[in-house]
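> Sequence plus predicted model, see below.
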Amino acid sequence: MLHYVIVRVLQGVLVIFLVSIASFGIMQAAPGSPVDILIGEAQVSDAQVEAITKKWGLDRPWYEQYGTWLKNVVTGDFGRSVIRTGVPVRDMVAEAAPVTLRLNVLALLVAVVIAVPVGVIAGIKRYSPFDYVSMIGSTIGIAIPNYWIGLMLIIVFSLKLGWLPPYGSGSWKSYVMPVSVLALTEMAILARLSRGATAEALSQDYVTTARAKGLRESAVVTRHVVRNALLPIVTILGYRMAFLLSGTIVVETVFAWPGVGSLLFASIDRKDYQVVQAIVLLLATIVVVANLITDLVYAYIDPRIRIQ
Amino acid sequence: MAMTLGPQEAAATAPIAELDQVTHRSERRRAFNRFMRYRPGVVGGIIVIALVLVAIFAPLIAPYSPYEKVGRRADPPTREFLLGNDEIGRDVLSRLIFGTRVALVVGIGAILIAVCIGVTIGATAGYFGGKVDTILSRVVDTLMAFPLLALLVTLSALFAPSILNVVIIIGVTVWASYARLVRADVMSLRQREFVLAARSVGVGDARIIGRHILPNIVGPVIVLASLDIGSIIILESALSFLGLGVRPPTPSWGGMLSAGRSLLRNAPHIAVAPGIAIMVTVLAFNLLGDGLRDALDPRQRG
């Protein structure tokens, strides 16, 4: 087990390192030099341009610039925003992160609380009307673009009925639509996977054994089927992190939520590449860490994984 | 795994190769029968064919030009304009019909790029193993660490928005799952007797991969690709919705939604139709993918 933990952690660290090179590289390829963005419309002489280039270290080779950037990032310094002059990128991200965190945690909770029981019941009662209805719902849910659902909800609940605010993140009412929209896709996928995991558990020999020794069906289901089906469901949650964070970018934009997704989109629009770099690195790191934790938890619970 | 029967005796003698042709054909027949048994998959396939025809014959089907103002601005649906007019008076139905082109070109184009890259990387990593595998696997892990939309939004800001660039950007970001799939399959295939037999008579690596291994992974790759086209169409629409994908006035469903968004109060009809078009298209590809999985990849039948 220790060997497995060490190998997986080292792999995770290596991937985060590669992620940092990729994020830095993408921004290096961005059109327009940082100096042009810094100067903006101002009239400056060549000497001044050279001075600025030197001051920000832009005359040094890329690997040296990367080294400096990485050293700063490790100590928690993500540089300063070029557009909101002087504001540290760290503060901008720290301001937006709690908003995104609340939105995603709530959405995930809603999705799990609804979709897992639905999927498990559908898996137990396969080919029943309940199974068909929930799986048709799940199939359609996967096919709908979440931001479009957002627009439709705004039309109905904000513009026609006037029950919920169309954007912003003020009162609890403003949470209802973004959380539902973000939860919807996750729900559709989770329900389907939970059904599959339950059906898989039902077909195992230990279920036949449990039934053969005269255990009540309800006890077979709760003690043997559901407990074993939950394992793959829990791991799927960890691996879905990248998809959840992907969804948050459009949903935050649709509902004008001041979260990380909106900040990323706005920063790209304003060519504020320090901020873009920091957010992309942060999001990818969250995904790597979530996957790593999932792998380790899985290996801890299920010894078969470690052997490989 | 009846699928592997086909190419594995390719190096064998002539009479056996003939016999092999027979099993190959009947296996194809069986796969077709399996596909026809799953009704939703057949329906999905028919809708996909219909969409392709709509895209090809868009100028003949569309009642009006998708670029010209033909009615009053933001008018609701009438008998003359079945889905109403958009924010500058163009016919929504005609733009919807032409929008099929962007959705299909991006969906299919991006998947082709992703399959090419993914299969090459995956087959290389799985076949050669060792250091090559370690390096390529970490590259795949790195790509998978990025939330897809964050990466796409960032990349599309670097290139001029055009259909070609959208196809390329999506294609080079979604190949990781193909690499993983192909790597795992190739790893188990290269241990099989028919590969060892080919190697023992002196067949080169490139020929072993091309003639003996790749034909055996075509099925799973086609299944994954058909299931992925739907999510790529959603990604493209999201990019266009955010203003980073296909630029107006080219009609794209995401772009139409983006324009409709600012008129939600007075002209909600503009934002309704493109969403339904996306949903139906994605649904059709997903159902087709499910049907193909039953037919081509019996291992994964759920």
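Everything's here; your move.
> where exactly do the strands run in chain A?
Counting by DSSP state E, chain A forms no strands at all.
> By residue count, which helix of it is the longest?
Looking only at chain A and at elements set by DSSP state H, the helix with the highest residue count is helix A:89-124.
> Who are the packing partners of it?
Helix A:89-124 is packed against helix A:129-143, helix A:173-202, helix A:227-239, helix A:241-254, helix A:260-269, helix A:273-301, with contacts defined by 3 or more CB pairs under 8 Å, 6 or more residues apart in numbering or on different chains; DSSP states H and E. The C-beta positions use only the backbone N, C-alpha and C, and glycine is treated the same way.
> If we use 6 Å, what do you get?
Packed against helix A:89-124 by the contact rule (3 or more CB pairs under 6 Å, 6 or more residues apart in numbering or on different chains; DSSP states H and E) you find helix A:129-143, helix A:173-202, helix A:241-254, helix A:260-269, helix A:273-301.
> could you give the angle of that helix to helix A:241-254?
Inter-element angle recorded for helix A:89-124 and helix A:241-254: 110 degrees (by axes from the mean of the first three to the mean of the last three CA atoms, to 10 degrees).
> Helix A:89-124 to helix A:173-202, inter-axis angle?
Taking the same axes, to 10 degrees, helix A:89-124 and helix A:173-202 form an angle of 40 degrees between their directions.
> Look up how far chain B lies from the nearest residue to A:D295 once chain neighbours are set aside.
Nearest in space to A:D295, with sequence neighbours left out and distances taken as CB to CB, 6 or more residues apart in numbering or on different chains, is A:R8 at 5.6 Å. As defined by CB to the nearest CB, to the nearest Å, A:R8 lies at a distance of 11 Å from chain B.
> Could you count how many residues lie near A:R8?
16 (other CB atoms under 10 Å in any protein chain shown).
> Equivalent analysis for A:S203, please.
A:S203: 10 surrounding residues under other CB under 10 Å.
> Check the one 3 residues further on too.
For A:Y206, the neighbour count with other CB under 10 Å is 12.
> Tell me who's in contact with it.
With contact taken as CB atoms under 6 Å, 6 or more residues apart in numbering or on different chains, A:Y206 is in contact with A:H224.
> Look at the nearest residue to B:Y64 once chain neighbours are set aside and report its pLDDT.
Excluding the flanking residues, the one nearest B:Y64 by CB to CB, 6+ apart is B:D91, at 4.0 Å. According to the per-residue confidence, B:D91 scores 89 in pLDDT.
> Can you lay out the helices and strands packed on helix A:89-124 as a markdown table showing mean pLDDT and mean neighbour count?
Shown next, in a markdown table, are the helices and strands packed on helix A:89-124 (pLDDT from 0 to 100; neighbours: other CB atoms under 10 Å in any protein chain shown):
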| stretch | mean pLDDT | mean neighbour count |
| --- | --- | --- |
| helix A:129-143 | 92 | 17 |
| helix A:173-202 | 90 | 22 |
| helix A:241-254 | 88 | 25 |
| helix A:260-269 | 88 | 24 |
| helix A:273-301 | 87 | 21 |
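> mind saving the C-alpha coords of stretch A:11-23 as CSV?
What follows is the C-alpha trace of stretch A:11-23 in CSV, where atoms were taken according to Å, rounded to 0.1, in the frame of the first residue of the first chain:
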residue,chain,number,x,y,z
GLN,A,11,2.8,10.9,-10.4
GLY,A,12,0.3,13.6,-9.2
VAL,A,13,3.1,16.0,-8.5
LEU,A,14,4.7,15.4,-11.9
VAL,A,15,1.4,16.0,-13.6
ILE,A,16,0.9,19.3,-11.7
PHE,A,17,4.4,20.3,-12.8
LEU,A,18,3.5,19.5,-16.5
VAL,A,19,0.2,21.4,-16.0
SER,A,20,2.2,24.4,-14.9
ILE,A,21,4.4,24.3,-17.9
ALA,A,22,1.4,23.9,-20.2
SER,A,23,-0.4,26.9,-18.6
